[in-house]
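> give me a model of this one.
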Amino acid sequence: MRKNLRDSEEFQHVYRNGKRYDGALITVFVIENQDSQHRLGVTASRKALGKAVQRNRAKRLLREAFRSSEESLQALATSYDWVLNAKARILSEKLQGPASEFQQIIEKVRKVETLATQK
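Next up, the predicted model:
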């Protein structure tokens, strides 16, 4: 069972102190946590996506992209807090688009980890 980021303070901590990764469909903020597992926060703003139906679909896509990346996430050396922000283009995609973009971002995080351990 994964934990979720719940309150505004947790989201703000990740936004202020985390590393940002921009993609065509999503923006990801990530920061190490002291937990034994990854935690997820998902946002889909009214400004970017419009109606609630569209925001809910975007959030479902992001949660599923995170869930389907479980294996890659477990391969990381550290646990992280992840905040996934949906961009308007995500609505024109099926699950594969956001999932593959999230995989690429996980790979970038893994490379940063590797570089940090080599120092």
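> switch to C-alpha atoms for all contacts and neighbour counts from now on
Fine.
> who touches stretch 32-42?
2-6, 11, 18, 59, 62-63, 73, 78-86 (C-alpha atoms under 8 Å, 6 or more residues apart in numbering).
> for stretch 47-66, same thing?
42-46, 84, 86-88, 90-91, 94-95, 98-100, 102.
> over to stretch 96-107?
21, 23, 25-26, 28, 61-62, 64-66, 68-69, 72-73, 90.
> one more pass at 7 Å, please.
Contact with stretch 96-107 is made by 21, 23, 25, 62, 65, 69, as judged by C-alpha atoms under 7 Å, 6 or more residues apart in numbering.
> any of those buried? List them.
Neighbour counting by 16 or more other C-alpha atoms under 10 Å classes 21, 25, 62, 65, 69 among the contacts of stretch 96-107 as buried.
> and the first one, what element?
Put plainly, it is residue 21. strand 19-22 (DSSP states H and E).
> pull out the buried positions in that strand.
Here strand 19-22 shows 20-21 as buried, counting by 16+ other C-alpha under 10 Å.
> secondary structure class for residue 35?
coil (DSSP: H, G, I helix; E, B strand; the rest coil).
> for it, grab the count of nearby residues.
By other C-alpha atoms under 10 Å, the residues close to residue 35 number 12.
> and the gap between it and residue 43?
Applying C-alpha to C-alpha, to the nearest Å, the value for residue 35 to residue 43 is 22 Å.
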